[in-house]
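**Q** generate a structure from the sequence data that follows.
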Amino acid sequence: MRESTVTAVLGPTNTGKTHYAIERMLAYRSGVIGLPLRLLAREVYDRIVKLRGPSVVALVTGEERIVPQRVQYWVCTVEAMPTDIGADFLAVDEIQLCADPERGHVFTDRLMHARGRHETLLLGAETMRDAIAALVPEAQFMRRERFSDLTYAGSKKISRMPPRSAIVGFSVENVYAIAELLRRQKGGAAVVMGALSPRTRNAQVALYQSGEVDYLVATDAIGMGLNLDITHVALSGLRKFDGRRMRDLQPHELGQIAGRAGRYKAHGSFGVTGEAPPLDEGVAEAIETHRFAPIRKLQWRNTDLDFGSLQRLIAALEMPAEGDLLIRTREADDLMALKALAGEPETAVRTSSPRAVRLLWDVCRIPDFRGISHAQHASLLGRIFGFLHELGRVPDDWMARQVKRIDRLDGDIDTLSKRLAYIRTWTFVAQRSGWLDDESHWRGETRAVEDRLSDALHGALTQRFVDRRTSVLLRRLKQKESLVAEVNDKGEVTVADQFVGRLEGFRFSHDTSQTPEEAKMLHQAAMTALRPEFHLRADRFYNAPDTEIDFTEQGGLMWGEHAVGKLVKGADALKPTVKAFVEEDAGHDVMEKVTRRLQHFIDRKIATLFEPLLAMSRDETLAGLPRGFAFQMLEGFGVRPRDGIAAEVKALDQEARGHLRRHGVRFGQYTVFMPLLLKPAPTRLRLVLWSLWNDLDHFPEAPPPGLVTVPVPEGTLQEHAAMSGYRIAGARAIRIDMLERLADQLRGQDSRAGFEATADMLSITGMTLEQFSDLLQGLGYHAEKGERVKVKAAPPPAPAPEVVEATDTAEAAEAGAEIAPPPAGEEAPETLEAVAPPAPVAVEAPAEPAPDVIPEAEGADAGPDAEPAAEPVEGAAADTASEPAEPEIEVFYTFTWAPRRQGGGRPREGREGREGRHGGKPQGKGKGGKRHENKGGRDGRDGKGGKPQGAKTYHARPPKKEKAIDPDNPFAAALMGLTEKK
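**A** Next up is the predicted model:
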């Protein structure tokens, strides 16, 4: 029989101690290895299963028990490891935990009493050498050196943390806060805590090990032998709560954590971050050289228990330690629960036998996974003890209710973590032999619930703390891989199969769900991949036809549905420049190409839509006054209200006007304009260019095409309306070409005696009679409302109207009697016979239909008081046939010329066309009560072709001085003769 040996394998982290123990154990037919964490036990179990297969490897922890029939090797937590099976090999890892205030007494017991038949290994830090030598004199020592160097890197901000770093927090809140910050700045982090189930922990570690995230946030649990590819460890604090109080971490504890940096022969570094102060030089040097003060006190609790009674059991547990090296551990949770239950009378009755006392102690050793108050935990243990004492088992229905309450996957990370902690209690209960009727069922059931909660918690942790998109892109960038952006027909941009935002024209819009920090990183990754796409798109845009490009009413430039630029005020009103909307990172070539294409578009658009205006400005045959007038038309974008340029119009002779008419200029009574520029497309562009030239913040928009009149918002300027092709008159604005058609009809009316609206007038405007009244009042007329009996006589067939082509007021006057005169100038506005009257236009649904125009009754002189003839009513009773019918009353308006001194209405400049008129209305007495009479008709003709002789007109001002007759004028003699006749 081989002699049993005890060997203490001591050294810093990354020395391969655990790996050495596994190799030694597999050299024997049987073995047991105790590990400090359930997580680490699962990792070692998986490694041995790969080497020997699952049929010979057992895993035993407080919440998990996998024991095959032909078990040879036992992988356990230190608390759960069997010590009486006579295994050939036994090992205890992290033996320095003998000094841990909470669990140290368990490790001390294994140090003193757990042995393998042939070999025992005690694995841990060099600080345990003296203690092991004192308690285990037969022990041999083996020192293992670290495979790689460990250096102190000082303090670093989390934002500057190098890849493959682990940041250690000492509370759940601290871990979550760090992980959230890393998600925003670095794309995410994996989270590892001792409270996680092995399934959740392994899933989180897989995120880190696979490189999907470059950062790990953990509690100090990583110091307990978890082997990960970590190059840097950063401590976010130097104090921790040990279950009772906050205390400073000892140098050897800091060294245990920092030593996780560096894997095998890869060097590592450690430092501090966040609010942690820099390490003392001595502490940093001790960690680098792995030299720490030896452990001088080991936690101990008596394991030779007396179950004769509760009082004797408690006394055995509180027995003091012997010697200077061992100290009695502080009161643990199991002892606190025992004392709490011992004080209950019901428990005292039930624990009358040693068997019952032992059962109660077994129940009290259920860990407080839930972390609730001691009283609540003791209450739950008392309930379980009651079932076991009275029934001999925990009832299935009660167990099912407890598990069902926990088996829910909704909620946030904290909720899922609590449920996972709660299910560990029932997993622990299910692992106890003899506590349940169907142990295998409940072991499987609680394990399934734990797995579901673990998966849900992993998903919640990943969703909250990992931005897969950012982490993937940054990793690809770090590896200098070529990134290719894909843009679908909706403009969605994906890089490496990750959605990063949208490409709108030549601007990248990142995903709005990201924080500014995340957006910055996404932008960096996206721009690297999008540069080729920008060049391809710029080429397509440069070769695109003008039909794919358009401008908006606010001066924007669109390519399809995407804004690609805007118009900017240039040196000339008709020569704006463009500003392209191009991502700065797209490059100068892309910006220049897009800008050049947009400038070509707007230049061609202006040249096409304003071709008549531009042609007139380039006509070299125009000189003098006509050229100056053409320049004014250019400044007005082809539309000028006549009252603003009355003097210039008056100064033009007929030949000059003829030149301008050949370019499409129309001299209207209210507006001088170019009819071709009143079409919707030029009007839309004119408003944009005019607004741009006048530096408006908000550009007015043109009314919908086809409307003759539109309502006018309060405060609208006449200039705004003119650029839209309208003139404000009252509460509405009327299209300027239709206004001139209306003015032609108004000139044929007797504006002194008064006239009524005709059906043609209402048809031109598409208005009701009331609206028409408001329109004429806005033009300077007075409207008098009246009522009368409606005459229902059939109108005689109207003869075809004689077309009167008049180019001046004299010819227009031949067609009727006294008319309202045109504004100042030498001739009447042109008749717009080329403009067809519009189809009936629904400007606004009138409140009631416009009244019919009353036709003249044949051979009757019916006035307002005339009584209409009664018409027989078909089917009326005989006794009512003789009664007169109720007369129908109609409303009518009488309009007379009443110009206002300010505001709308006709211009009041001097004479134009017909002399003796001022502003179109015959005037009364002038100064001194004298009447000034002009007998000369029009253009010096003695009434011929003008007004009938004998008609008189009057001025309200003294007559203007006649201009001196040029003696060189060929008509001078005739003019002198006419003057002498006067």
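**Q** next, give phi and psi for residue 751.
**A** Per-residue torsions, residue 751: phi -80, psi -10 (degrees, to the nearest 10).
**Q** what of residue 771?
**A** Per degrees, to the nearest 10, the backbone of residue 771 is at phi -60, psi -40.
**Q** measure it to residue 642 for me?
**A** Going from residue 771 to residue 642 by C-beta to C-beta, to the nearest Å gives 24 Å. In this view, the C-beta of every residue, glycine as well, is placed from N, C-alpha and C.
**Q** neighbour-wise, which of those two wins?
**A** residue 642 (24 against 21; other C-beta atoms under 10 Å).
**Q** what separation do you get for that one and residue 718?
**A** 12 Å.
**Q** burial of the closest residue to residue 451 other than its chain neighbours, as a residue count?
**A** Leaving out its chain neighbours, the residue that sits closest to residue 451 by C-beta to C-beta, 6 or more residues apart in numbering is residue 199, at 5.7 Å. Using other C-beta under 10 Å, residue 199 has 19 neighbouring residues.
**Q** now do residue 614, the pLDDT please.
**A** At residue 614, the predicted lDDT confidence score is 93.
**Q** just residue 256 next, same as before
**A** Predicted confidence (pLDDT) for residue 256: 85.
**Q** count residues in the vicinity of the residue lying closest to it once chain neighbours are set aside, would you?
**A** Counting by C-beta to C-beta, 6+ apart, residue 223 is the residue found nearest to residue 256 once chain neighbours are left out, at 4.1 Å. Neighbour count of residue 223, defined by other C-beta under 10 Å: 21.
**Q** tell me the pLDDT of residue 223.
**A** On pLDDT, residue 223 comes in at 72.
**Q** that one reaches residue 259, doesn't it?
**A** Yes - assessed by C-beta atoms under 8 Å, residue 223 is found in contact with residue 259 at 7.4 Å.
**Q** next, show the common contact partners of these two.
**A** residue 13 (C-beta atoms under 8 Å, 6 or more residues apart in numbering).
**Q** list the buried residues in stretch 394-404.
**A** 394, 399, 402-403 (16 or more other C-beta atoms under 10 Å).
**Q** in helices, which of the residues you listed appear?
**A** Here DSSP state H is the test, and those give 399, 402-403 as lying in helices.
**Q** between these, which is nearest residue 524?
**A** Nearest to residue 524 among those, counting by C-beta to C-beta, is residue 403 at 48.7 Å.
**Q** that closest one contacts residue 426, doesn't it?
**A** Yes - the pair residue 403 / residue 426 is scored as a contact, 5.7 Å apart, by C-beta under 8 Å.
**Q** okay, and the common contacts of the two?
**A** residue 446.
**Q** quick one: low-confidence residue ranges for this protein.
**A** Within the chain, the segments meeting pLDDT under 70 span 1-2, 225-226, 243, 468-485, 496-497, 512-522, 793-885, 900-982.
**Q** which elements pack onto the top strand by length along it?
**A** For the chain, the strand with the greatest residue count under DSSP state E is strand 562-572. Strand 562-572 sits against strand 556-559, strand 575-580, helix 588-609, helix 680-693, with contacts defined as 3 or more C-beta pairs under 8 Å, 6 or more residues apart in numbering; DSSP states H and E.
**Q** could you export it as CSV, CA atoms only?
**A** Output of strand 562-572 as CSV, limited to C-alpha atoms (Å, rounded to 0.1, in the frame of the first residue of the first chain):
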residue,chain,number,x,y,z
HIS,A,562,-34.3,63.1,-50.3
ALA,A,563,-33.0,66.6,-49.6
VAL,A,564,-29.6,67.1,-51.3
GLY,A,565,-29.1,70.8,-51.0
LYS,A,566,-30.7,74.3,-50.7
LEU,A,567,-30.7,77.5,-52.6
VAL,A,568,-28.5,80.4,-51.3
LYS,A,569,-28.8,84.1,-52.2
GLY,A,570,-26.4,85.0,-55.0
ALA,A,571,-25.0,88.2,-56.5
ASP,A,572,-28.1,88.5,-58.7
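**Q** re the thing from before, can you tell me which of the helices and strands packed on strand 562-572 is nearest to residue 325?
**A** Comparing the helices and strands packed on strand 562-572 under C-beta to C-beta, the one sitting nearest is helix 588-609, at 76.8 Å.
**Q** next secondary structure after that closest one?
**A** For helix 588-609, the following helix or strand on the C-terminal side (DSSP states H and E) is helix 611-618.
**Q** which strands or helices does the helix or strand following that following helix pack on?
**A** Beyond helix 611-618 in the direction of the C-terminus, DSSP H and E gives the next helix or strand as helix 625-635. Packing contacts for helix 625-635, counted by 3+ C-beta pairs under 8 Å, 6+ apart, involve helix 611-618, helix 646-651, helix 654-662.
**Q** residue 790: which of these is closest?
**A** helix 646-651 (42.6 Å).
**Q** okay, buried residues for that closest one please.
**A** For helix 646-651, by 16+ other C-beta under 10 Å, it's 646, 649-650.
**Q** any idea what the closest residue to residue 300 other than its chain neighbours is bridged to?
**A** Closest residue to residue 300 apart from its sequence neighbours, by C-beta to C-beta, 6+ apart: residue 326 at 4.0 Å. Following DSSP bridges, residue 326 is listed with bridge partners residue 298.
**Q** tell me how many other residues crowd the nearest residue to residue 682 once chain neighbours are set aside.
**A** Nearest non-adjacent residue to residue 682, counting by C-beta to C-beta, 6+ apart: residue 609, 4.4 Å away. By other C-beta under 10 Å, the residues close to residue 609 number 20.
**Q** pull the residues that contact stretch 352-371.
**A** 62, 305, 307-310, 313, 333-335, 337-338, 341, 347, 350-351, 374, 376-377, 381, 384-385, 388-389, 418, 421-422, 424-425, 428-429, 432.
**Q** repeat the analysis, applying 7 Å as the threshold.
**A** 62, 307-310, 313, 333-334, 337-338, 341, 350-351, 377, 381, 384-385, 388-389, 421-422, 424-425, 428-429 (C-beta atoms under 7 Å, 6 or more residues apart in numbering).
**Q** just to revisit the earlier point, let's have the ones in helices among the buried residues of stretch 394-404 in TSV, adding distance to residue 17.
**A** Listed next are those as TSV, based on distance: C-beta to C-beta, whole Å:
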residue	distance to residue 17
399	41
402	41
403	39
